[in-house]
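*Asks:* build me a model:
(2 chains)
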Amino acid sequence: MYRHVRLSVLFVLVAALLGGCVLAPREPETVTEIRLPEPSEEPENMILGEKLSSAPREVTLYFAAQDGTGFSAVNRSIPRDAGQSLPQAAVETLLDSGAERNIRFMADTQMLACEYACGTVTVNLSIDARNVQNPQELLALQTSIGNTLLDIDGVNGVNVLVGNISESHCQMPLGVQTEPVTSVAAAYAQLQANRERMLQADGAEQAEPVVRTALLYFPSETGDWLIPELRTVSAGKAGFAAALFDVLRNGPKPGTCAAVSIPEGVELLEPSPAIQTLSSGERVLDLNFSSTLVTYMALSGLEVWKLVGSVALTMCSFLPDLDAVRIMVDSEPITVCERNQILMEFSEGMIYRRDFSGCIGSTATLFLVNSEGMLQPVQRAVSMHSALSPRSLLAELILAGSAGDDLRLPISEGIQPVDILGVQTSGGTARVNLSGNFYRCCQILNAREERSLIYTMVNTLCQLDGIRGVRFYVEGQAAETLAGGIYLKSVLLPNPGIVVQGR
Amino acid sequence: MATISLTRIKAFIHSIRWKITIAYLLIIVVAFCVIGFSLIQLVGEYLFNQRTRDDQRIAESLAEEFSGLLASSDVMSMYDVALQTARAEQSRVLVLDRLCTVQVDTNSQLNGQRFITSEISSVLEGSEGDYGFYDVGNANAYWLRAALNAFSGVNAMTGLYARSIRNASGGLMGVLVYISQVQEIYESLREIQLKILAWMAIVALAVLMVNALMLRTITRPIGELNDGIARMSQGDLSARVSVRGKNEFASLAKAFNSMSERLEQLDNSRSQFVSNASHELKTPLSTIKILIETLLYQDPMDTGMAKEFLTDVNKEIDRLNRIVSDLLTLVSIDSGMKMNLTDLDIGALLQEQVRRLTPLARENGIELDCTVKEPLEVNGDALKLQQVVYNIIDNAIKYTPRGGEVHCSLARAGRKAVIKVSDTGVGIPEADLPHIFDRFYRVDKARSRETGGTGLGLSIVKQFVLLHGGTIEAASTAGKGTTFTIELPLAAKKQEG
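*Replies:* Here you go, the predicted model:
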């Protein structure tokens, strides 16, 4: 009997052993502690204010040949002064290099201003640029600048003014250059052909319109800025002024942070406004609105300066040889308006481009957190300087994150723009010094919120030219994390995967 | 009732059927486990190795492509390429910097966090690439290594390949981590395992059924034999088992039946013998009793008659004595009689017995002669062979009427000495011939007793011949005579001559 019991037990054991080899779950091996690599110790880096990289950038300069047949491209490493945008530095270098190369039409020309906003560059040259021997040389100067700037990442259009006035070519507007020009002679011939077509169209009912690209300026939805926008203008029998006005009246493209500048329903008493030459020699465009303009503006809440500035900047930036705009209501010119409680007066109703060039703003893409914890890009109108300033952008981000309803920052209370103690950019990295208050406010964040907060800043800053990654410090010290998740001792690259496109 | 059940269970446990069943089950389980384990191991290794090679190839390609992109911190390009690969391969791609901080994650979950595994650590220490398998589970955590031969309990088996991203000068810039789902391979192995288990169950069931049928075929004859033996042990010698087929069990059944038949015959013979012996012993005893009672109760009795009665009593006592003597001889033979073997001249022995019986033959008016063709020697017991020859010739004389003849001869037939005793007597009926050597068998019972026979003579003769390794046969024609032929093996010396 015992023998059988022993045999049975043996059988069960053997079966269990063999079955166990196949069936039994193996105890998985737990990965033992692995040491993470640690960065080398670094000294305290108390960054205060903003210090942008002055590292030279490689830019291709296009010099027009003297005979106007083509361009020679030269790669140059361009140093930048603090706060100087790359297009501005490029134009300055181009003009200086042109002078060094004894290019006649570049020799005495100076750059008075460079407005870099929303991917467009408006270069205002000194009137020395007019000291050319023939119109083609001016065109060569303009296209040299245009080609050079269009070669820079992020630049979509270049408008070159001379003494704040758009120069005419063959009595035609040149418009905004959006494509590189390969031959000045060919471009000039094209302008001449356009002129011929315009002259023929004066007597024809059905004539092929002439198409140009213009910069339109719309008031921003938020803030007191006029935002440029590239638009195509098709001028027919009524001329470019009427065509430009129509496009301006149609309002900005949807999805931008710009608003309409001319209330719906408002009409010009003279549908085809023409440029007049005053006795002083100034050329002025009269836009005469009916009295309903006031009513409509009151209804829409549109401020007068926005309408005036939008129209003046748009018209003066495009229409050739136009000095000023007179905006009238029932033939009465608007001579005064108020912007941010500052009174602006226009003598005899003459509104020049320079009156509003300081109101030109740009847009910046800020990344805020939506209700699902994902980052959503939003456009905000900011000053041209802020659009290029990492610290200002972070300040805008904090403000937008505090004010937003649907889109906000994970910490909306307790932090202020001043909690961004400083930003320093070098070698493609923005080093952001956060305040101790900022750090303390982050202690309540969970892992997801911490990640969202960090990457709102990283993704926003990495929109800027020359910034590829962000390194964070707290009170100048290299901090491990803000709330335990994201490792701050590494340079963080943007996270495109958590970005969703919203409205 | 419980006792019966327990007894049955014990009987079943002790039965050969249970042992063979257990043996079969053990063989099946062991065989399937070994085959199944080996098969799954082989298939698993093949599939996992294949996946490892594929992942390595993709990861190496990505690492090479990301070399320039990581150097220029081109996250968008890295993310696009990684996402494209991840979607195409249903995998996950991470790009880590040298501090193990995730910079690109196609799932966008680990960005900014530090991520380390032993494979990544290996790459950081200088290796070009390393591969490992993890059970990431629901938490998607890479801390639990999954054994390739772990066939249960793995929720999300994941392969992780870490590959170095190096710059043009070979410096380590970061680590590319390629994560692929291998749970489907794992599930395939599980499926194979379940199929093997199912097959094992099916085969086990089938084998058990076949085994049950086979065991039934095997054990049924054993049971029948067992029943037959049990019946025999209880005295039923008529017990027989049915013989089916031609296998060993059929042979065993035949042997059993043969044995039982033989035993039954022996039992019948024994019964017959006892009956005959009783009868043979009782007859003279009854005669003696009658004669003595007559002598006792008939008074007065004539002296001559009394003497005659006493003479008869004496004869019956002699007869009893002979019967008892013969019985003792047979008992002695049955229990292994001791033989006094010597090489002896069988011809001389035959002639001597003929000479001894010649007066008796002459008295009965019978002509007795003997022919010995050549001197032959056999190895035997002289006294017993004398008794054999004497009994046969004596019987021939007794059952041959006056004027008849009895011829004795000795001749050689091969390696045997053949003694023939022929008479011209009354002969033996054909029906009695097979039984003439049986104990107490008499062809003519009255005549036999008249001649003073005990009915055991031929039986003793046959036993003696058989003890010498010889044979004895009788051929007879009723009314014409009988011939007894005795064949005895020649002595070795003679045979050589």
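
*Asks:* closest approach to chain B from chain A, which residue is it?
*Replies:* A:Gly497 (2.7 Å; Cβ to the nearest Cβ). In this view, the C-beta of every residue, glycine as well, is placed from N, C-alpha and C.

*Asks:* where in chain B is pLDDT low?
*Replies:* Applying pLDDT under 70 to chain B flags the ranges B:1-4, B:137-154, B:445-452, B:493-497.

*Asks:* the strands in it, which residues?
*Replies:* Assigned by DSSP state E, chain B shows strands spanning B:91-97, B:102-105, B:129-135, B:144-145, B:157-166, B:172-181, B:341-345, B:367-372, B:377-381, B:405-413, B:416-423, B:471-477, B:481-489.

*Asks:* which strands and helices lie in contact with the first one?
*Replies:* Judged by 3 or more Cβ pairs under 8 Å, 6 or more residues apart in numbering or on different chains; DSSP states H and E, the packing partners of strand B:91-97 are helix B:16-71, helix B:75-89, strand B:102-105, strand B:172-181.

*Asks:* the most centrally placed residue in chain B and chain A, how far apart?
*Replies:* With distances taken as Cα atoms, centre = their mean, B:Glu248 lies nearest the centre of chain B, 7.0 Å away. Distance of B:Glu248 to chain A, given as Cβ to the nearest Cβ, to the nearest Å: 27 Å.

*Asks:* could you report the neighbour count for B:Ala168?
*Replies:* 8 (other Cβ atoms under 10 Å in any protein chain shown).

*Asks:* what about the closest residue to it other than its chain neighbours, how many neighbours?
*Replies:* Nearest residue to B:Ala168, sequence neighbours excluded (Cβ to Cβ, 6 or more residues apart in numbering or on different chains): B:Ser67, at 7.6 Å. Per other Cβ under 10 Å, the neighbour tally for B:Ser67 reads 17.

*Asks:* so who does whichever residue of chain B sits closest to chain A touch?
*Replies:* As assessed by Cβ to the nearest Cβ, chain A sits closest to B:Ser108 within chain B, at 2.7 Å. Residues in contact with B:Ser108 (Cβ atoms under 8 Å, 6 or more residues apart in numbering or on different chains) are A:Asn495, A:Pro496, A:Gly497, A:Ile498.

*Asks:* neighbour-wise, which one of those leads?
*Replies:* A:Asn495 (27 neighbours).

*Asks:* list the contacts of A:Met106.
*Replies:* Contacts of A:Met106 (Cβ under 8 Å, 6+ apart): A:Leu94, A:Leu95, A:Gly98, A:Ala99, A:Leu141, A:Ser144.

*Asks:* just the element for the first one, please.
*Replies:* In this assignment (DSSP states H and E), A:Leu94 forms part of helix A:86-100.

*Asks:* after that helix, next one along is what?
*Replies:* Using DSSP H and E, the first helix or strand after helix A:86-100 is helix A:104-107.

*Asks:* after that following helix, which helix or strand is next?
*Replies:* strand A:111-117.

*Asks:* average pLDDT across that next one?
*Replies:* In this model, strand A:111-117 carries a mean pLDDT of 92.

*Asks:* before we move on, the earlier item: columns secondary structure on top of the contacts of B:Ser108, output as TSV?
*Replies:* Formatted as TSV, the contacts of B:Ser108 follow (DSSP: H, G, I helix; E, B strand; the rest coil):
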residue	secondary structure
A:Asn495	coil
A:Pro496	helix
A:Gly497	helix
A:Ile498	helix
